[in-house]
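Asker: Here is a sequence together with a model predicted from it:
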Amino acid sequence: MEDRRMGRGDGSRVGGAARPTGRGNRAPDGRRKTPAGGASVTSRALSVLAAFSPSAPVLKLTDIACHAGLPLTTAHRLVSELRDWGALERDPDGGYRIGLRLWEIAALAPRALGLRELALPYLSDLGVVTRENVQLAVREQLSLVFVERLAGQNSVHVLTRVGGRFALPPTGVGRVLLAHAPADVQEEVLARPQSRFTEHTVCDPAELRRCLAEVRRTGVAVCARQVTLDGLSVAAPVRGPGGDVVAAVSVVAHIDTVRAHTLVPLVQVAARGISRALGAPPGPPVVVRA
């Protein structure tokens, strides 16, 4: 399958006091941390929601308080309010999970919803032609978020889910997004320790820079055995009305059943189609070879 914003070494000063750069305010996946102990009720409510994750979709009240760094009484009050509103739901066993109301609100996010709706016909066609996994992702701060994933019949297993976050450097879509990200974002991502998923995962910053340069030169990212030993990802950029890269589309296949060069033009055609649907300026034609 398939980011680090260079913080300013010296904090900007306002009224003689150093202003934090925000570099130390990020979680390992690149998201900004929300200080649970702050005075803001909103920040505390968000820390409650942030306690949930794919590995912990159901939490007891005590677990929520612990993860959010809140007193139990505060956590109980916030959880009750969030449950009454529909952001949380009570599990039959007494735990809590994210509520459907929150999903309904999140589904209105224009960057995901509009992109997904315009891209879906092209993603479906790509899935029909390749019969492999098809993915669409966007960059969010220093990581990527999967907007859509279509599973191919009998295709290779992938470690992705719609709405899930993942590291940028080891994935095809991530390398496309990182290669076209601002230079300060690239440097901050590359300065971070990289997770090694397999013995083939590229973790060296210099080598990753060469990989990103190759993505910009060729217009595609080819990642073999970077996340799983049997995975091959081919990805291409999706451009918006201004010509900037706003997303990336990929096919993830079993490395022993397909060759990358056969997927490259197919992925590029799909990416160009989505780009046109988004109103991107026309680019050079893609020649599909048998």
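Answerer: Happy to help now that I have it.

Asker: Confirm Val249 sits in a helix?
Answerer: No - going by DSSP: H, G, I helix; E, B strand; the rest coil, the assignment for Val249 is strand, not a helix.

Asker: Across the sheet, point out what pairs with it.
Answerer: Leu136, Ala236 (DSSP bridges).

Asker: who's in contact with it?
Answerer: Counting by Cβ atoms under 8 Å, 6 or more residues apart in numbering, Val249 touches 119, 122-123, 126, 134-136, 173, 235-236, 238, 267, 270-271, 274. Any C-beta I mention is one placed from the backbone N, CA and C, and that applies to glycine too.

Asker: Val251 now?
Answerer: Leu126, Thr130, Glu132, Asn133, Val134, Gln135, Ser233, Val234, Ala235, Leu263, Leu266, Val267.

Asker: how far away is it from Val227?
Answerer: According to Cβ to Cβ, to the nearest Å, Val251 and Val227 sit 14 Å apart.

Asker: can you give me the helices in the stretch 151-290 of the chain?
Answerer: Along the stretch 151-290 of the chain, counting by DSSP state H, counting those that start in this stretch, helices occupy 172-179, 183-191, 205-218, 260-278.

Asker: List the residue ranges of the protein that fall below the pLDDT cut-off.
Answerer: 1-39, 107-113, 159-160, 284-290 (pLDDT under 70).

Asker: can we see that at 80?
Answerer: Low-confidence segments of the chain (pLDDT under 80): 1-39, 54-55, 103-114, 152-163, 283-290.

Asker: returning to that earlier point: which one of the contacts of Val249 is nearest to Asp93?
Answerer: When these are compared for distance to Asp93 (Cβ to Cβ), Gln135 wins out at 33.4 Å.

Asker: Would you mind confirming that the closest one makes contact with Phe146?
Answerer: Yes - using Cβ atoms under 8 Å, Gln135 is in contact with Phe146, at 6.0 Å.

Asker: These two: which is more packed in?
Answerer: Gln135 (29 against 22; other Cβ atoms under 10 Å).

Asker: Return the residues in contact with the residue nearest to Ile98 when sequence neighbours are not counted.
Answerer: Setting aside the residues directly before and after it, Ile98 is nearest to Phe52 in space (Cβ to Cβ, 6 or more residues apart in numbering), at 5.6 Å. Contacts here follow Cβ under 8 Å, 6+ apart; on that basis Phe52 touches Leu59, Arg97, Ile98.

Asker: Backbone dihedrals for the last one, please?
Answerer: This means Ile98. When read as degrees, to the nearest 10, the backbone of Ile98 gives phi -60, psi 130.

Asker: Adjust the sequence numbering to begin at 731 for everything that follows.
Answerer: Will do, 731 is the new start, and the previous item becomes Ile828.

Asker: Next, count neighbours for it.
Answerer: By other Cβ under 10 Å, the residues close to Ile828 number 17.

Asker: so where do the strands sit in the stretch 781-930 of the chain?
Answerer: Counting by DSSP state E, counting those that start in this stretch, one finds strands in the stretch 781-930 of the chain at the ranges 818-820, 826-828, 863-870, 873-880, 895-896.

Asker: closest one to Gly1009 among those strands?
Answerer: Gly1009 sits nearest to strand 863-870 of all these, at 16.5 Å, using Cβ to Cβ.

Asker: tilt between the closest one and helix 913-921?
Answerer: Strand 863-870 and helix 913-921 meet at an angle of 110 degrees, taking axes from the mean of the first three to the mean of the last three Cα atoms, to 10 degrees as the criterion.

Asker: Show me what strand 863-870 is packed up against.
Answerer: Judged by 3 or more Cβ pairs under 8 Å, 6 or more residues apart in numbering; DSSP states H and E, strand 863-870 is in contact with helix 840-860, strand 873-880, helix 902-909, strand 975-984.

Asker: what does the longest one rub up against?
Answerer: Identification of contacts with helix 840-860 by Cβ under 8 Å, 6+ apart yields 837, 863-864, 866, 868, 875, 877-878, 880, 882, 968, 976-977, 979, 981, 983, 988, 993, 996-997, 1000, 1003-1004, 1007-1008.

Asker: now with 7 Å?
Answerer: 837, 864, 866, 868, 877-878, 880, 882, 977, 979, 981, 993, 996-997, 1000, 1003-1004, 1007-1008 (Cβ atoms under 7 Å, 6 or more residues apart in numbering).
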